[in-house]
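Chemist: sequence plus the predicted model coming up.
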Amino acid sequence: MKPNLSQPEFTISSVEQRPSFATLKWADGHESRFHYVWLRHSEHFPAFPDDARDGREHRLAGMGSDAEPDKIEVGASGALRIGWRDRDAPVEFDARWLRQHCYSSSARGQRRHKPVLWDSRLRNDMPEVSFPDIARDDAARLAFYQSILDYGFCFVRDMPQDRGTVTALGDLLGIARRSAYADEPGDERIENLQTDSDVKVSTRQAYFLGPHTDTCWRLSLTGLICFHCLESHATGGETLLVDAFNVCNKLREKSPDAFDILSRVKLNFRASVNNGDEWRSIGQVITCDNDGEVVGFRYGDRSIPPLDLPEDLIEPVYSALSALGDVLYDPANWITCKLQPGEGLVLNNQRLLHGRTSFDPAAGPRHLQYCAVELDTFHNKYRHLARASNHDDWDHVLDWGVC
Ligand SMILES: [Fe+2]
């Protein structure tokens, strides 16, 4: 069978055999380099990951590191055909599968979801959906998921003004987890955000709350945050949002050394609660992937205790935190909004920072309900729906979050 030239991106036009890898040229001009050790590993995943679960022995240790091909050619069907020196029978690799798994820089970049970075100019065009629409319609729900992936947040209008609706929203997104501080009778996932001067946690007070990520003092920090407004305050108490990915890119331009330190040095985070809880975690403020792209952010002014680091890092890390603060607290990077009763907000807590402007607690009640959804359960739900909806990019690499 001749190669299908109607799909040049899946047609191998030539193969060059080198000492440790083969270079494939494709009919559309793209070039891929496949190392022999990678190809030996890939024999366990010839077409679909499920094939790797067939019970064959499969060890990564030492696998194929000295494997040498005798002959590499394009087979009659268009597949890559490799005869290994230590094997009798040649192995064929499907050309389409190889191209889809090409790990050249450009191919990896194309398979990556591209977040839409934003600053205060987004305030007149913020993403929003209607709760009844996303509850009953797959296309509306997929658009909702994509807004969260693109912008890191989305407003939800037309929510019932009933207590507990916030977990109905959370269930549309993934698995809402139990909260150590749940206070809604009958539901261990819901926290009530209401003013109470007797409870000395920030969410129960009325003062200004600067931009932060929630639970950065936990190793498994919150993924998506869902807010649902039941009672709104007349003045003040506005929600503040900041795109940390945008802030990080600005920091990288302005102070590359600060960016480097905060993406490399692990800091301690902590929280002490008046019930005796003592939370501790450690991690970088900025999480980057293997290509240097920012994929996660962890920060809270009041969650970083006096630094406990090697002596030579103390001054550089304080200097880097100061440079970060200059960008973070620049109002040009903020948007503020006010949730009204019946409105909700979903935000990715491992990308966006949020805060709250101050308000007068004597001027009336303010009541939000809150639940947290694990980020990977949201990603999983997105892939399910995007694949079922025939979206070609359903398997794109998403921003992993903090790790
Ligand atoms: Fe918060």
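Modeler: Done, it's in. Numbering: from 1, shown residues only.

Chemist: tell me the buried residues in the helix or strand where P316 lies?
Modeler: Assigned by DSSP states H and E, P316 falls within helix 311-328. Residues 317, 320-321, 323-324, 327-328 are the ones in helix 311-328 that count as buried (16 or more other Cβ atoms under 10 Å). Placement of C-beta: from N, CA and C, glycine included.

Chemist: make CSV from the residues you listed and add pLDDT and distance to A27 to it.
Modeler: Converted to CSV, those look like this (pLDDT from 0 to 100; distance: Cβ to Cβ, whole Å):
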residue, pLDDT, distance to A27
V317, 98, 51
A320, 98, 48
L321, 98, 51
A323, 98, 48
L324, 98, 47
V327, 98, 46
L328, 97, 48
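
Chemist: Y145 falls within a helix, correct?
Modeler: Yes - judged by DSSP: H, G, I helix; E, B strand; the rest coil, Y145 forms part of a helix.

Chemist: please name the spatially closest residue to it (chain neighbours excluded).
Modeler: Y382 (4.5 Å; Cβ to Cβ, 6 or more residues apart in numbering).

Chemist: quick one: low-confidence ranges for this protein?
Modeler: 1-6, 45-59, 61-65, 196-205, 234 (pLDDT under 70).

Chemist: and the residue in it sticking out farthest from the centre, which of the three is it?
Modeler: Distance from the C-alpha centroid of the chain peaks at D88, with 44.9 Å (Cα atoms, centre = their mean). Taking three-state DSSP as the rule, one finds D88 in the coil state.

Chemist: now swap in the one 4 residues further on and tell me
Modeler: Using three-state DSSP, the three-state assignment for E92 comes out as strand.

Chemist: phi, psi for the nearest residue to it once chain neighbours are set aside please.
Modeler: If the residues on either side of it in the chain are set aside, E92 comes closest to A79, at 4.2 Å by Cβ to Cβ, 6+ apart. When read as degrees, to the nearest 10, the backbone of A79 gives phi -80, psi 160.

Chemist: same question for W394.
Modeler: phi -60, psi -30.

Chemist: correct me, but it touches N380?
Modeler: No - W394 lies out of contact with N380 (Cβ atoms under 8 Å); the separation is 11.3 Å.

Chemist: run a quick neighbour tally on N390.
Modeler: Using other Cβ atoms under 10 Å, N390 has 7 neighbouring residues.

Chemist: please apply the same query to E73.
Modeler: The number of residues packed near E73 is 15, by other Cβ under 10 Å.

Chemist: tell me the bridge partners for it.
Modeler: R81 (DSSP bridges).

Chemist: isn't it right up against Q17?
Modeler: No - in this structure, E73 is not within contact of Q17 by Cβ under 8 Å, at 9.3 Å.

Chemist: all helices of the protein, in order?
Modeler: With DSSP state H as the criterion, the chain has helices at 36-42, 95-100, 105-110, 131-136, 138-151, 165-173, 244-254, 256-264, 311-328, 375-388.

Chemist: buried sites along the first one?
Modeler: The neighbour-count check on helix 36-42 (16+ other Cβ under 10 Å) flags 36-37, 39-40, 42 as buried.

Chemist: tell me, how many residues neighbour E31?
Modeler: 14.

Chemist: need the nearest residue in space to it, chain neighbours excluded.
Modeler: Per Cβ to Cβ, 6+ apart, closest to E31 is K25, 5.5 Å.

Chemist: list the contacts for that neighbour?
Modeler: Applying Cβ atoms under 8 Å, 6 or more residues apart in numbering to K25 gives the contacts 12-16, 31.

Chemist: mind redoing it with 7 Å?
Modeler: Applying Cβ atoms under 7 Å, 6 or more residues apart in numbering to K25 gives the contacts 13-14, 31.

Chemist: who is it paired with across the strands?
Modeler: Under the criterion used (DSSP bridges), K25 bridges to S14, E31.

Chemist: I'd like to know how far it sits from S14.
Modeler: Using Cβ to Cβ, to the nearest Å, K25 is found at 5 Å from S14.

Chemist: what of A320?
Modeler: Counting by Cβ to Cβ, the gap from A320 to S14 is 48 Å.

Chemist: just the residues contacting stretch 316-329, thanks.
Modeler: Counting by Cβ under 7 Å, 6+ apart, 211, 242, 247, 250-251, 254-255, 258, 261-262, 265, 307, 309, 333 sit against stretch 316-329.

Chemist: of those residues, grab the buried ones for ChimeraX.
Modeler: Those of the contacts of stretch 316-329 that count as buried under 16+ other Cβ under 10 Å are selected in ChimeraX with:
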select :211,242,247,250,251,255,258,261,262,265,333
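
Chemist: what about F93, how many neighbours?
Modeler: 21.

Chemist: for E16, same thing?
Modeler: 12.

Chemist: what residues are up against it?
Modeler: 22-23.

Chemist: re the thing from before, distance from the chain centre to the helix holding P316, please.
Modeler: 25 Å (Cα atoms, centre = their mean, to the nearest Å).

Chemist: that helix vs helix 256-264, what angle?
Modeler: 110 degrees (axes from the mean of the first three to the mean of the last three Cα atoms, to 10 degrees).

Chemist: can I get helix 311-328 as CSV, trimmed to CA atoms?
Modeler: Extracted as CSV, the C-alpha positions of helix 311-328 are listed here (Å, rounded to 0.1, in the frame of the first residue of the first chain):
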residue,chain,number,x,y,z
GLU,A,311,22.3,31.8,54.6
ASP,A,312,23.3,32.7,51.0
LEU,A,313,19.7,32.6,49.9
ILE,A,314,18.1,34.9,52.5
GLU,A,315,18.8,38.3,50.9
PRO,A,316,18.2,37.1,47.3
VAL,A,317,14.9,35.5,48.2
TYR,A,318,13.6,38.6,50.1
SER,A,319,14.7,40.7,47.1
ALA,A,320,12.9,38.4,44.7
LEU,A,321,9.7,38.5,46.9
SER,A,322,9.9,42.2,46.9
ALA,A,323,10.2,42.4,43.1
LEU,A,324,7.2,40.0,42.8
GLY,A,325,5.2,42.2,45.1
ASP,A,326,5.8,45.2,43.0
VAL,A,327,4.1,43.5,40.0
LEU,A,328,1.5,41.7,42.1
